Every structure is written in structure tokens, then in C-alpha cells.
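Chemist: Here is a sequence together with a model predicted from it:
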Amino acid sequence: MSINDGLNEVRFPSPVKAGGKIRLAAKVVSVEAVPGDGVQMLCDFTVEIDGSAKPACVAQAVYRHYA
């Protein structure tokens with residue numbers, strides 16, 4: 001079973017114009033054991049805008065996975 005436990009540190013540095021192309025870049029920051037035979041994973045996400053130096057969104061997602 002997997003659970004999306006929410007987001008940390010969400011920012012929106014730049015708007016996306018109508019018709020703009022975006023892409024998601026992700027990086028696993030950490031994986032830790034949690035009670036109940038599970039693990040918690042933190043992932044840094046960046047929503048990039050094609051042709052823009054600033055991202056549309058920067059956030060950290062928290063996931064929990066249980067066996």
C-alpha cells in the first residue's frame with residue numbers, strides 16, 4: 001500500500017502561460033524506515049516551463065509505502 005502524505009515547502013515562482021509546455025523533474029531526497037513495517041520517501045519536484053529560466057512550481061512530496 002502506498003500513501004501520498006502531502007507536500008512540503010510548495011512555491012510557485014512563475015506562472016505558466018496558456019499553451020505553455022511543462023515537464024516534471026524529480027529527485028529522491030531520502031528514504032527512512034517508519035513504524036508499521038513501512039518506509040517514508042521524500043522527493044523534490046520541479047515543474048519546469050519550456051523556454052523559461054524560472055520553474056512554475058517547486059515542492060517536496062512525502063510518500064509512505066507499507067508492505
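Modeler: Looks like it arrived, so ask away.

Chemist: show me where this protein has strands.
Modeler: 2-11, 22-34, 38-49, 57-66 (DSSP state E).

Chemist: quick one: contacts for the residue nearest in space to the middle of the chain?
Modeler: Centroid-nearest residue in the chain: residue 45, 3.3 Å away (criterion: CA atoms, centre = their mean). Taking CB atoms under 8 Å, 6 or more residues apart in numbering, we find residue 45 in contact with 24-26, 57-61. Backbone N, C-alpha and C define where each C-beta goes, glycine included.

Chemist: what about it, distance to residue 3?
Modeler: Plainly put, residue 45 is 17 Å away from residue 3 if you go by CB to CB, to the nearest Å.

Chemist: just residue 15 next, same as before
Modeler: Residue 15 is 31 Å from residue 3, by CB to CB.

Chemist: next one: residue 61
Modeler: 11 Å.

Chemist: These two: which is more packed in?
Modeler: residue 61 (17 against 12; other CB atoms under 10 Å).

Chemist: Would you check that the more buried one makes contact with residue 9?
Modeler: No. Between residue 61 and residue 9 there is no contact under CB atoms under 8 Å: 10.3 Å.
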